[in-house]
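Participant: Got a sequence here, can you build the structure:
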Amino acid sequence: MDTNQTHSLLNAATDILGKKDGFRVWSVIVTLFGDLARNKDDQISGALLTHLMESMGIRPQATRVALHRLRKDEWISSQKFGRTVRYSLTETGFAQSLEARSRIYNVKPTAPENWHILIAQPMPQARRIALDQSYISKGYLNVSPGVLLGKGKLSENYSDFLGLEGDLKTIPNWLKSSCAPADITQGYDALCDDLAQFTKLLESHPTSSPHETAALRILIIHNWRRLLLRHADLPAEFYPDDWPGLMSRRLVMGLLDRLKRPPLPELQS
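Facilitator: The predicted structure follows:
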């Protein structure tokens, strides 16, 4: 593919997948590292990073500001080799990336063998809301105020809760509806439309360079990730049959399988 075709495809892809809310540049960089820096010691050169971000319509100045923020947050670190700067994930950044990766690239989430329920003691509303939020951040599903559903066996560390453990026999419709809030459902509806439009675009542009492929993958994953990580990690049985999050997953996985991840050394060269 010649340069003009490449720019045309990337511009069109960015129009489709970057049109909703614009880009939070630091978040796009997080997506980029999550897809390309697969190993703990992987480094991405400043030149490659800037090139990929520019190909998605993000200016170098915005990239520099976002990199400064991520270094300040100790999510990435940088090293200079002569005039070249290379960036890598810190231990914290890599751990968070690894945790998110298990959800982002999961073709079909499956139910664990065991579940457990934690029931909190009566407490003031403000304290209970804070408690619920702290466990939601750990991956629990807030079934109702003070009632939390978690995966796996019950740990001995929850002595302040009434704990129950076992299989789930039924998942009521009211719980399925609460797992699919309106704003996230609407987001997935829009993403399905965008991914379908993007798929048609690829059909008329069947080839791509490694750098183009990397940028296209980042656009897809970024849109998928920003919705996926806003709700609990649950198998399909917890959602309504027509929930668009399930279709979004199928579309994303199909596109990522079609656009194979280029090896990082190939991109660096």
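
Participant: give the contact list for the nearest residue to Pro109 once chain neighbours are set aside.
Facilitator: Leaving aside its sequence neighbours, Pro109 sits nearest to Pro235 (CB to CB, 6 or more residues apart in numbering; 4.8 Å). Using the backbone N, CA and C atoms, a C-beta is placed for each residue, glycine as well. Contacts for Pro235 (CB atoms under 8 Å, 6 or more residues apart in numbering) come out as Pro109, Thr110, Ala111.

Participant: give me the element the first one is part of.
Facilitator: Read that as Pro109. According to DSSP states H and E, Pro109 maps onto no helix or strand at all.

Participant: returning to that earlier point: mind checking how far the residue nearest to Pro109 is from Thr92?
Facilitator: Using CB to CB, to the nearest Å, one gets 29 Å for the distance from Pro235 to Thr92.

Participant: ok, back up a step: distance check, the residue nearest to Pro109 against Gly245.
Facilitator: Look at Pro235 and Gly245: by CB to CB, they are 12 Å apart.

Participant: before we move on, what about Ser209?
Facilitator: From Ser209 to Gly245 the distance is 32 Å (CB to CB).

Participant: out of those two, which sits in the busier spot?
Facilitator: Shown here are Ser209 and Gly245; by other CB atoms under 10 Å, Gly245 has more neighbours (23 against 14).

Participant: Where does that one sit, in terms of helix or strand?
Facilitator: helix 244-258.

Participant: Could I get the buried residue list for that helix?
Facilitator: Going by neighbour count (16 or more other CB atoms under 10 Å), the buried part of helix 244-258 is Pro244, Gly245, Leu246, Met247, Ser248, Arg249, Leu251, Val252, Leu255, Leu256.

Participant: Could you give the bridge partners of the nearest residue to Thr84 once chain neighbours are set aside?
Facilitator: In space, and not counting its chain neighbours, Thr84 is closest to Ser45: 6.1 Å by CB to CB, 6+ apart. Ser45 has these beta-bridge partners by DSSP bridges: Arg86.
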